[in-house]
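Participant: Here's a sequence, model it:
(chains A and B)
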Amino acid sequence: MELLETVFVRNNLVVAFAVVGVTIWISYFFADKLTQGRIHGSAIAIALGLLAAYFGGVATGGTRGVADVALLSGIGLMGGGMLRDFAIVATAFGVQFSELRKAGLAGGISIFAGVIVSFVVGAAIAVMFGYTDPAEITTIGAGAVTYIVGPVTGEAIGASNEVITLSVAAGLVKSILVMIGTPLVARYIGLDNPQSAMVFGGLMGTTSGVAAGLAATDPKLVPYGAMTATFYTGVGCLLGPSILYFLVSGLFPA
Amino acid sequence: MIVYGVALLSACLILGMLIGEALGVALGVEANVGGVGIAMLFLVFTSNSDKFKALTEGTSGAGIQFWSAMYIPIVVAMAARQNVAAAVDGGLLALLAGVAAVVVSFALVPVISKIGKNDAPPRINDQGAV
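Facilitator: As a prediction, this is how the structure comes out:
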C-alpha cells in the first residue's frame, strides 16, 4: 500500500492522464450503448467528474474536489488553471478571423449584459431572502456573476466572511449548472454556430462552465465561447465594487 | 519540429496573460482581463498569417493540435477538481441565485444573438459554414 502510494504520488500527473483516459473511455462507451449517442460522451465524463468531485470534497473536507485525495492529486494539476488556459488557447488554432469579427459587436454587448443580468438576479434573490445591507446584497449579486467576482467584490466593499462564502457558493452553482445544462438547452437557444457561441460565452461568463458546457455540446464552438467568456470576470470585477455597488447603495440606503 | 508549435502556443498564452494582467492593473481591477481571449487572438492571427507558416504547418502544427485535442480530457479533470461540496452546502439562497442567473442568461442567448445578426450585413463568401 505504501509502495503504491509512493508511486502514485510521485507520478501524480501521469496517474491523472490514465484515470481521466479511463473515465472518458467508460463515458463514451455508455453514451454509445445506453443512449445511442443522444447524450455526448464528454457530457457524461464531465458529470462523472463533478460527481467524483463531490465525493472527494465530502471525504477530505478540502476545496479541490477529487484532487485533495492524495492518490489523485495530479487531477489538480491537469485540471488546474494553467493547463486549462493552455488547452483553451490551443482550440483557437485554425479559427478564421472573419468568424470572430462577425460576432464582435454582439459578443461585446453580451459580456456587459451578462454581468449586469446575473448581478441583478442574484441581488434580487438576496433581497427576497431578507438582506438589506447594500454591501451584502452587492456581494451576493456579484457571486451570481462568477465565484471570482463575488469574493473580489465582497472584500473590496467590506462584506462579512459569511456572505462572501455564500457568494462563492452561488457562483459555483452557476458554473456547475452551465456545465451540465448547456448540452440540454443548446438546441432551444440556437447554440449551434460561432456567433451564438460567442454571445453564449459572454452571457454566461464562467470560464469553467462555458469551457465544459460547450465541450459537451459541440467542441467546434469552444474557441468562440471561451474567447468572450475570458473577458467576463474582468468586467465583473470592474463593475461589481464600483457602479453596481453604488446603484445598490442608492436603492437600499443602509 | 513539434516543439515549435508548442512554443508558439506558449508564447501566445504568456503574452496574452501579460496584457490581461496589465489591463487589470490599468483598470484597477484584481483580475486578469481577457488574457486568455487575447492569447487566442494571437494564435488566430499567427495561424492565419503566412509569416508564421513554419511554426503552424506540418509537425509544428501537430504540437498545437495535440493540446487542442487534450482540451476535453483537461476539462474533465477540471470538473473533478471543482468545489462541488461547497456548492451543495451553500443552501437555498446560493442555489436559487445560481440557478436563476443561469436560466435568465440562457434565455438571453437567442435575443442578443439576433441583435448581432441585424447589425451585420449578410455575407455570402465567408468560408462556407454559417
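Participant: so what's the backbone phi/psi at residue A:14?
Facilitator: In terms of degrees, to the nearest 10, the main-chain angles of residue A:14 are phi -70, psi -40.
Participant: which residues touch the closest residue to it other than its chain neighbours?
Facilitator: Using Cβ to Cβ, 6 or more residues apart in numbering or on different chains and skipping the chain neighbours, the partner closest in space to residue A:14 is residue A:74 (7.0 Å). To be clear about C-beta, it is placed using only N, CA and C from the backbone, and glycine gets the same treatment. Taking Cβ atoms under 8 Å, 6 or more residues apart in numbering or on different chains, we find residue A:74 in contact with A:11-17, A:67.
Participant: Identify the residues contacting the worst-scoring helix or strand of chain B on mean pLDDT?
Facilitator: Lowest by mean pLDDT, DSSP states H and E among the helices and strands of chain B is helix B:84-89, with a mean of 78. With Cβ under 8 Å, 6+ apart as the test, helix B:84-89 has contacts from A:50-51, A:53-54, A:57-58, A:63, A:65, A:165, A:168-169, A:172-173, A:176, B:94, B:98.
Participant: Could you identify the most distant pair in these?
Facilitator: The span of the contacts of helix B:84-89, defined through Cβ to Cβ, is set by A:51 and A:165 at 22.9 Å.
Participant: which one of these two has more residues nearby?
Facilitator: For residue A:51 versus residue A:165, neighbours defined as other Cβ atoms under 10 Å in any protein chain shown are more numerous around residue A:165 (18 against 15).
Participant: on that earlier part again, can you tell me which of the contacts of residue A:74 are in helices?
Facilitator: A:12-17 (DSSP state H).
Participant: Which ChimeraX command selects the buried ones in those?
Facilitator: The following ChimeraX line selects those of those that are buried, judged by 16 or more other Cβ atoms under 10 Å in any protein chain shown:
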select /A:12,15,16,17
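Participant: Could I get the full set of helices for the stretch 151-254 of chain A?
Facilitator: A:161-185, A:194-204, A:207-217, A:222-239, A:245-251 (DSSP state H, counting those that start in this stretch).
Participant: residue ranges with poor pLDDT in the stretch 151-254 of chain A?
Facilitator: A:254 (pLDDT under 70).
Participant: Contacts only, for the residue nearest the centre of chain B.
Facilitator: The centre of chain B sits closest to residue B:37, judged by Cα atoms, centre = their mean, with a distance of 5.3 Å. Residues near residue B:37 by Cβ under 8 Å, 6+ apart: A:226-231, B:16.
Participant: Look up which helix or strand it falls in, please.
Facilitator: helix B:35-48 (DSSP states H and E).
Participant: Using CSV, write down the CA coordinates of that helix.
Facilitator: Extracted in CSV, the C-alpha atoms of helix B:35-48 (Å, rounded to 0.1, in the frame of the first residue of the first chain):
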residue,chain,number,x,y,z
GLY,B,35,-5.8,37.3,-21.0
VAL,B,36,-6.9,34.0,-22.5
GLY,B,37,-9.1,35.7,-25.1
ILE,B,38,-6.2,38.0,-26.2
ALA,B,39,-3.9,34.9,-26.4
MET,B,40,-6.5,33.2,-28.6
LEU,B,41,-6.5,36.3,-30.9
PHE,B,42,-2.7,36.0,-31.2
LEU,B,43,-3.0,32.3,-32.1
VAL,B,44,-5.8,33.0,-34.7
PHE,B,45,-3.6,35.8,-36.1
THR,B,46,-0.5,33.7,-36.4
SER,B,47,-2.2,30.6,-37.7
ASN,B,48,-3.9,32.7,-40.5
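Participant: coming back round to it: for the contacts of residue A:74, give me CSV that also has distance to residue A:30 and pLDDT.
Facilitator: Converted to CSV, the contacts of residue A:74 look like this (distance: Cβ to Cβ, whole Å; pLDDT from 0 to 100):
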residue, distance to residue A:30, pLDDT
A:11, 28, 94
A:12, 27, 93
A:13, 26, 95
A:14, 25, 96
A:15, 23, 95
A:16, 21, 96
A:17, 21, 96
A:67, 24, 92
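Participant: Sounds good, over and out.
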